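Peer 1: predicted structure and sequence below. I'll ask about it afterward.
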Protein chains: 2
Amino acid sequence: MIEHPAFTVDEWSIIEKTFRLDLLAQTESLFALSNGHIGLRGNLDEGEPYGLPGTYLNSVYELHPLPYAEAQYGSPESAQTMINVTNGKLIRLLVDDEPFDIRYGELKIHKRELDMRNGVLQRQVRWTSPVGRTVKISSTRMVSFTLRNTAAICYEVEVEDAPAHIVIQSELVANEEHSGSSDDPRSSTVATPPLISEEHQAHKMMGLLVHRTQQSNLRIAAAMDHVVEGLDTANVTSESTLDVARFSVTTEIKPGERIRIIKFLSYGWSAERSRSALHDQVMAGISSARQLGWDGLLAQQRAYLDKFWESAVVEVEGDPEIQQAVRFALFHILQAGSRSERRAIPAKGLTGSGYEGHAFWDTEIFVLPVLSFILPQATADALHWRYSTLDLAKKRARQLDLQGAAFPWRTIVGEECSGYWPASTAAFHINADIAHAVLRYVEATGDTDFEEKIGLELLVETARLWQSLGHYDSAGRFRIDGVTGPDEYSAISNNNAYTNLMAQQNLQAAADAAQRHHARARTLGVKSNEIKDWENAAKKMLLPYDERLKVIPQSESFTELQVWDFDATTPEQYPLFLHFPYFDLYRKQVIKQADLLLAMQLRNNIFTLEEKERNFAYYEPLTVRDSSLSACTQAIIAAEVGHISLAYDYLGEAALMDLDNLEHNAQDGVHIASLGGSWLALVMGLGGLRYNTKGLYFKPCLPEQITRLNFRMLYRDRRLLVEVRPTEATYHLLAGKDLPLSHYDKEFILSTHKSVTHKIVPHTDGPRPSQPRGRAPMERGKRRRS
Amino acid sequence: MIEHPAFTVDEWSIIEKTFRLDLLAQTESLFALSNGHIGLRGNLDEGEPYGLPGTYLNSVYELHPLPYAEAQYGSPESAQTMINVTNGKLIRLLVDDEPFDIRYGELKIHKRELDMRNGVLQRQVRWTSPVGRTVKISSTRMVSFTLRNTAAICYEVEVEDAPAHIVIQSELVANEEHSGSSDDPRSSTVATPPLISEEHQAHKMMGLLVHRTQQSNLRIAAAMDHVVEGLDTANVTSESTLDVARFSVTTEIKPGERIRIIKFLSYGWSAERSRSALHDQVMAGISSARQLGWDGLLAQQRAYLDKFWESAVVEVEGDPEIQQAVRFALFHILQAGSRSERRAIPAKGLTGSGYEGHAFWDTEIFVLPVLSFILPQATADALHWRYSTLDLAKKRARQLDLQGAAFPWRTIVGEECSGYWPASTAAFHINADIAHAVLRYVEATGDTDFEEKIGLELLVETARLWQSLGHYDSAGRFRIDGVTGPDEYSAISNNNAYTNLMAQQNLQAAADAAQRHHARARTLGVKSNEIKDWENAAKKMLLPYDERLKVIPQSESFTELQVWDFDATTPEQYPLFLHFPYFDLYRKQVIKQADLLLAMQLRNNIFTLEEKERNFAYYEPLTVRDSSLSACTQAIIAAEVGHISLAYDYLGEAALMDLDNLEHNAQDGVHIASLGGSWLALVMGLGGLRYNTKGLYFKPCLPEQITRLNFRMLYRDRRLLVEVRPTEATYHLLAGKDLPLSHYDKEFILSTHKSVTHKIVPHTDGPRPSQPRGRAPMERGKRRRS
C-alpha cells in the first residue's frame, strides 16, 4: 500500500495524503488505535463510508454455535467471536443541513497520520459541500496507554468564505448496522446476536449506554462527556434511546472562527459486575479523563511512548521504508499488548475482526519473544492469561483422553473455538509453544518469581500432555504420531520434527524447572519418577532423518511425498488453500509456512550450520508463503546460512505485510505476529541474535543497502543498544550491570562505561536458492522507492 | 432381537408373536417391503404408534445445505437426503367410534410375519377396544417385484360377540408429521422442506396426490384404488385436500361377517415429466394392478420368488437361526436390488432413512459380489447406475485437480454428499471398489458385452484417477499418499495396503480390458503409452512391509503407532467414535473394521497362507468391529487360516446384525452390506469359495455344529449346488454346460448328469486368537437357543 501515491514514508508516522475508498478497510486496520484493552478501528469520525466498523474491548465476545456436516465426539459445540461493541468514535457533522460525507461534494484535502511518537491518529480535511460551502475539519483521536479505560477525540471545525450553520452530533451507538461479508475463511463471517440494552442516559454533555450480550452474558458500558470551546451561541442538546446516546451542538460560525469539541470516552465490561457498578465505573473513568484534560492525556501518552521507544527504538539507515515499517510493527505490538493485562493478545490485536478475534499459537512464538525484550511485563501478562485458562485446558485434555493441559488452538477466553480439528486440536505444538514462551521470557528477564508461580505449572502440565501423547516404539524411540505442525499444508502426520523438538524442549524444561522449584513442584504432584519420565521421553524423542537426502523431513515420510506441481500452478491460484482441497495439499511436498525452519530458529543450538544449510536448501523451493507467519523465519535462517540478500527480501515482506497488504486481508486487521516477526527478522536475522539461559549471542551481518542498523532491547534489567555497520558492530550498555555477550562466538563483557566494537568479516552471498515459481520474495533493491 | 420371546425362528419367515413398543422402530426396518424402487417400512397399517414412518422411492431426495465451521475449497455445499414420500400404506379403523390403536384397549393377539417365499408381510390382530368391543384384523401387504410401481394391501376386519359400527379410512398422506431425532451421526437428522402440492383428487374409490420437492425439483405422484368385498350396506365416500386423499367405508358388521378391502397403490416420480404425464402414469399403474387383481399379484410375486430361491437358496443344517438369518439377508438384498434398475442401492436399501439414504462403497464390495451369483442382472443395473454418474465423477476429479473419475463417497444421484473429507474424499478406494465389482461381475457372468460397453470405461477412468493420484518415489516405487482406507479409525495415511492393492488391481484390469477391447478403448482416448503407464504403476505399486514383525502394516508406519489401550476401555465406550475424538483413533493401532483383511479377501491369490496367518494373528487383537462391515471379512479370513469355530462366530454376528440389532441402529434401516456379508461369510468362509477369471475354487470346512451346508449359485449361465458335509462335499451342476471346478486345489469337471463328491480332510482349530477386551464375537455354541 505504501506503493500507493496516497502514502509517503515517514520515520515516525504513517501518512495518508489522499482518500481512496478501495483502501478504506485496510487503512482502518493500519490506523486502528488500541491499548490492548480498547480497540478503535480507524473508521472515519463521521462513521461513513466504512470498510468495517469496529470498536472492540479485549475479551468481549459472543457465542455462536459451530455447525458440522457430520457430528463428531470432542468437537466444540460453540465458539467465541469478538464483537463490535458500542461505537464511541462517532462524530457527525452537518454543514448548512448537508451531512458531511466525503462521497459527496468535493474533498480538497484529506490527510491522515498515525503519529507513533505521540500515540494519536490525526486527520485533516478540507471539503466543499455539494452546495459549495467549504469547511476545514481536523480531528485527533487517541486511546490512552495510561488510562486503560479511556479514549478521547479532539474535533475541530472551521468554515471558509462565509458563515455557515453547523450541527455536530457526537454519539454512542450500539448495534451498529453494517453490510457485507467475505468468503475468505480467515475473515470473520459470523453474525452475532444484537446487544440487549440495559440502560441509556443523556444529560447535559454526557451520555451513557449499558448493554448485555445474549449468549455469553457479558455486560458492556460506554460513557462519553464533552468539552466544547469557541462557542457562544451554541445550542447544546442531548438525548438517548436504547442503542444511541447523542450530544448535539448547533451553531453558526464565521470564517476565522473555530469550533472545538473534546470528547472523552470511557469503556467498561464485566461478566460479574452489576449494571450500576459498571455505570459508576465508566462515569468514574470519564471524571478522571476530564480532570486530566485533553492536554494532560496527550502529555501522558507522549511520556509513555518516549519511555517505550527508549527501550525499543530501531534505526535502519539506508532503508527508510523498513525503518518505518518496523516502527509501525513495534507500535502495533505495543498497542496489542501494553494494557491487555491478563487477557489474550489476538492474532489481529484489536484492529479488526479477522479470525473472529481469536488468539493463536503465533502470539507465543512471534509476539511474546519480542515483547520480552521491549516490554517484558506484557509478556508476563499474556502468559498470565494462558495460566488463567489452565483449568479449561486440563478439562480439554481430559475430554481428549490425555493428561496435563491441552490449550486451545483458537480462543478468546480459553475454550477451543475451532471446528476443524486436523488443523487445530491436532496442532498440539501450541502447548510446547506456550512452554517455549515461558522459557524465553524467563531467559530474557531472569524473572524466577514468575517461573516458580506461573511458569512451572505451565511447563508441568504441558509436559504431562506430551508424556501422554507420545509413546515408545519397539526401538525405544519416543514417537508423537498423528499431529499437525505449524505448516498448515500438512496435517495429521507422524513425528513432525518441529513438534517433537519443541515437545522435547518442553519436557526437559519441565524437568529442569521442577528440580529448581521442587517445593512448588511437589504441590503440583510432581514426583521424581515423573521427572525421570520427562527426561527420558526428551532423551529418546524421535527426530526423523532422510539418510539419502541428508535432511530432516518435516514429518516422517515427508520427503517421500510427491512434490507439488509448482510449474503448473498459476499466480491466481495462490493462496493455494482457496483453490485446492486440503486433501491434495496435505499429501504433497508443499509448505505454507516455515515449519522445520522455525524449529531451527527456536532450537538453533541443536543443529550444525551444515545441517541448517542443507535443510534450508531443501525446504526453500517447497515453501510458498501462503501464510504471514513464514517470511520472518525464512529471513532469520537465510541470514544464518549466509543468504543475507535473501534474508533482507524476506525481512521486507514480513515488515510490509500490512502496509503493502501482501496477504490481501489487512482489511480484517493487522497481522500482529508478522509484525512481531519483522522485529525478529531484523534483530535475529540481520542482527544475528540468539539467546538461551546462558546469555545473548550476536552474529550481525548487513545487506549492502543498509548502512547502519541500531536496535535497543531490555535484557535482565539492562538496557542495551546494538549498532551494526557493514564491517563492525558496537555494543552499548545504556543501563544496568555488566553483561557478558558474544560476538561471532567471541565472548566479552559489556559495561555501561565502555562500549565495545567488534569487526564483522566481509561476507558474500552464495548462489541464491530458488523458491517455487512466482513465489520468490520481491527483491528489496528493485522495489524501493525514493 | 431373535432372542426375544416375541420372535420365533422359522425357516422361511420372520415371525413376531407379541407387540413390543420398544422394538417397533427395529421391526419396521426388518419388516420393510421393497422392490428396490418402492420401499415401505413395516409401519403399522393405522400409522400409529410408529418408530419412524417411512415410504421411499429410490432416488427421490431433497437437497439441504452442508454447514461447515470452517469453509474449505472443494467441500460440497449441499447434500442429498432421501425423503419420506406420500404414505400410501395408511388404513385407519374406527370401531364404534373408537380409533383402533394398540396403545389403548387390549391387544389380545399380535402376530406379524415376513413371508420370504410369498414376498408379503402378514399381520394378525385380535383387539378389544376400551369399551369392550373385540375385533379381528388381518392385513397382507406387498410391494410387487413384477409390477415395479405397484404395492397392494389386503385388509380384513371381523367382529366378535356383537355387531359393530365400523369405519375404515384408506389414505394417501404427504408431509407426514413425525417427531424425534437422534444424536447418532449414522442416522438421518436432516429436516427436509415439505413437499409442495401440485394436484389432489379423490373420486369413487380412488385417490391421487401429486407433489413436488422444493430444492431438488422432483415430482412425485401416488395413486390408490380399492376393491371392497363383503359390504352390502356400505357407505363409501372419498375426499382430498392438498396433502391427503381419503377413501372411507362406513358400515355395520355382525359376528361372522367380514369386511375386506384390497388397496392398490401406484407410485411414480420424475425430474423431467409433467404433472399430467405423472398423473397418467400412476393411474395406468393402478389399472394394471386392478386388472391383475390381488390374487394375480400374489401369484406373480410367488412365481418371482420361486425362481429367485431356485438359484439362491441356502440350507444350513444344525443352525436354524443362521439358516433363517441368511435367507432374511438374501431376501433383503433381493428387495434392495431387484428393481432398482440403474439407480443406487443405498446402504440401508429402502428400509429406513439411516445414512440419509446414501449409497457407499460397501454396495460394490459386499452386495454386488453376492448379487452377481444370485441375481446378476441387478449387479449390472447397479454398475449401470455408477456409469450414469461418470460425468459427475469426472467433474469431481477435475475439481480435486485429478484425472479420470473420482466417485463420491456417499450419494444418491452422484454428487459427493459428505462434509467430512478425511473420511470421504480421501477414501479414494471407492473407485477401485467399483472397478473390483466390475471385474467380479464379468468373472461371474462372462458378460463381455457389459465389459466392453460399461465396464471398460469405468475401469479406464478409475485407472486414470490412480495414475494421477500416485507418484513414483526416489526408489521407483509407486506411492499413494494421504488417503483413507476402509478402516474408519484411520485416515489420511500413506500407502494404505488395501488402497494400493486395489488400485493395483484396478490399473492392471484397465490395461487388460483396454487391450481386449482396443477399438472401444481408442474411443476413450486410451493410447498404448497410457496402458504401459498403468501396467508400470501396477507393477511398481508400493506395498508396505514390517520386516521386524513380518506383517503388512495396514498403512505405512501403522505398526509403529501406539496400540489402543483396550484394557482401559469399558464396554460402554463402544462404539469408540461416540466416546473418543477421531484425532485419537487415527493415531493409534485400533481398527474399526477389517482393512488389510479385506485386501486379503479380495486379492487372496497374492498372499501366501503363511502371510495370511501372520497378518490375521496381528490384526485380530486390534479390531474392535465398531462397524457392521467387519465380521463377515473376519469370518472369511478366519476360516481360511483354519479358525473355523471363530469364523462361525463371526458369521453369526454378520448374519444377525439386524435381527439381533447388534449395532443398535437397525431402527434406521437394515444393513444391506452386512446382510450381503453374511452370504459371503457362509459361502466364502465355510464354503471356502474363491474365484477369478479362470474359475471357481472351493475349500469348504464346517464347524462342528453345522452338519450340512447347501448353497446354490449362478455362474456363467450355469446353476450350481454345493452340498457340504463335515467330511465331504458334493458338487451338483443343476443346469448349464460342463464346468471345471477346484476342490482343495484338486481340479475336476462337473456336468449336469453327474454330481461329484470330494473328501474334506478333518480339521482341528489351533489356539483361538484373542480380540480386544470385551470385543470377542459371541460364541455360537453358547448363545444358540432351541
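Peer 2: Received, thanks.

Peer 1: residue of the stretch 601-750 of chain A nearest chain B, please.
Peer 2: Among the residues of the stretch 601-750 of chain A, A:Asp626 lies nearest to chain B; the distance is 12.3 Å by Cβ to the nearest Cβ. In short, each C-beta sits where N, CA and C put it, glycine included.

Peer 1: ok, the stretch 401-550 of chain A next?
Peer 2: Closest approach between the stretch 401-550 of chain A and chain B, counting by Cβ to the nearest Cβ: A:Gly419, at 2.0 Å.

Peer 1: list the contacts of that residue.
Peer 2: Taking Cβ atoms under 8 Å, 6 or more residues apart in numbering or on different chains as the criterion, A:Gly419 is in contact with A:66-68, A:75-76, A:79, B:68-70.

Peer 1: which helix of chain A spans the most residues?
Peer 2: Secondary structure of chain A per DSSP state H: the longest helix is helix A:275-312.

Peer 1: let me see the mean pLDDT of that helix.
Peer 2: Helix A:275-312 shows a mean pLDDT of 97.

Peer 1: I'd like the next helix or strand past that helix.
Peer 2: For helix A:275-312, the following helix or strand on the C-terminal side (DSSP states H and E) is strand A:314-317.

Peer 1: run the angle between the next helix or strand after that next one and helix A:275-312 for me.
Peer 2: Along the chain past strand A:314-317, the next helix or strand (assigned with DSSP H and E) turns out to be helix A:320-337. For helix A:320-337 against helix A:275-312, the angle between stretch directions is 150 degrees (axes from the mean of the first three to the mean of the last three Cα atoms, to 10 degrees).

Peer 1: pull up the distance across stretch A:357-366, start to finish.
Peer 2: Separation of the first and last residues of stretch A:357-366 by Cα to Cα, to the nearest Å is 17 Å.

Peer 1: got the end-to-end distance for stretch A:334-349?
Peer 2: The first and final residues of stretch A:334-349 sit 10 Å from each other (Cα to Cα).

Peer 1: let me know the outermost residue of chain A.
Peer 2: A:Ala162 (47.3 Å; Cα atoms, centre = their mean).

Peer 1: quick check: the closest residue to that residue other than its chain neighbours vs A:Asn87, distance?
Peer 2: Nearest-residue entry for A:Ala162: A:Pro255, 6.8 Å, with adjacent residues in sequence omitted and distances by Cβ to Cβ, 6 or more residues apart in numbering or on different chains. For A:Pro255, the distance to A:Asn87 (Cβ to Cβ, to the nearest Å) stands at 32 Å.

Peer 1: give me the more crowded residue out of those two.
Peer 2: Neighbours per residue (other Cβ atoms under 10 Å in any protein chain shown) separate A:Pro255 from A:Asn87, with A:Asn87 holding more: 22 against 12.

Peer 1: that one contacts A:Gly47, doesn't it?
Peer 2: Yes: counting by Cβ atoms under 8 Å, a contact exists between A:Asn87 and A:Gly47, whose distance comes to 7.4 Å.

Peer 1: what touches both of those two?
Peer 2: Between them, A:Asn87 and A:Gly47 share these contacting residues under Cβ under 8 Å, 6+ apart: A:53, A:173, A:176.

Peer 1: which stretches of the stretch 501-650 of chain A have low pLDDT?
Peer 2: Low-confidence regions of the stretch 501-650 of chain A, defined by pLDDT under 70, are absent; no residue qualifies.

Peer 1: how about whichever residue of it sits closest to chain B, phi and psi?
Peer 2: Scanning the stretch 501-650 of chain A for the residue nearest chain B gives A:Arg587, at 2.6 Å (criterion: Cβ to the nearest Cβ). For A:Arg587, the backbone dihedrals are phi -100, psi 10 (criterion: degrees, to the nearest 10).

Peer 1: for the stretch 351-500 of chain A, just list every one of the strands.
Peer 2: Using DSSP state E, counting those that start in this stretch, the strands assigned to the stretch 351-500 of chain A run over residues A:471-472, A:478-479.

Peer 1: make CSV from those and add mean pLDDT, distance to chain B and mean neighbour count to it.
Peer 2: Output for those, formatted as CSV (pLDDT from 0 to 100; distance: least, Cβ to the nearest Cβ, whole Å; neighbours: other Cβ atoms under 10 Å in any protein chain shown):
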stretch, mean pLDDT, distance to chain B, mean neighbour count
strand A:471-472, 98, 4, 16
strand A:478-479, 98, 6, 23
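
Peer 1: mind putting these in TSV, distance to B:Ala284 included?
Peer 2: As requested, those are arranged in TSV below (distance: least, Cβ to Cβ, whole Å):
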stretch	distance to B:Ala284
strand A:471-472	67
strand A:478-479	68
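
Peer 1: of the ones you listed, which is nearest B:Glu728?
Peer 2: Smallest distance to B:Glu728 across the strands of the stretch 351-500 of chain A (Cβ to Cβ): 51.0 Å, for strand A:471-472.

Peer 1: how far does that closest one sit from the chain's center?
Peer 2: Its chain's average C-alpha position is 37 Å from that of strand A:471-472, according to Cα atoms, centre = their mean, to the nearest Å.

Peer 1: stretch A:677-694: which residues count as buried?
Peer 2: With burial defined by 16 or more other Cβ atoms under 10 Å in any protein chain shown, the residues of stretch A:677-694 counted as buried are A:677-691.
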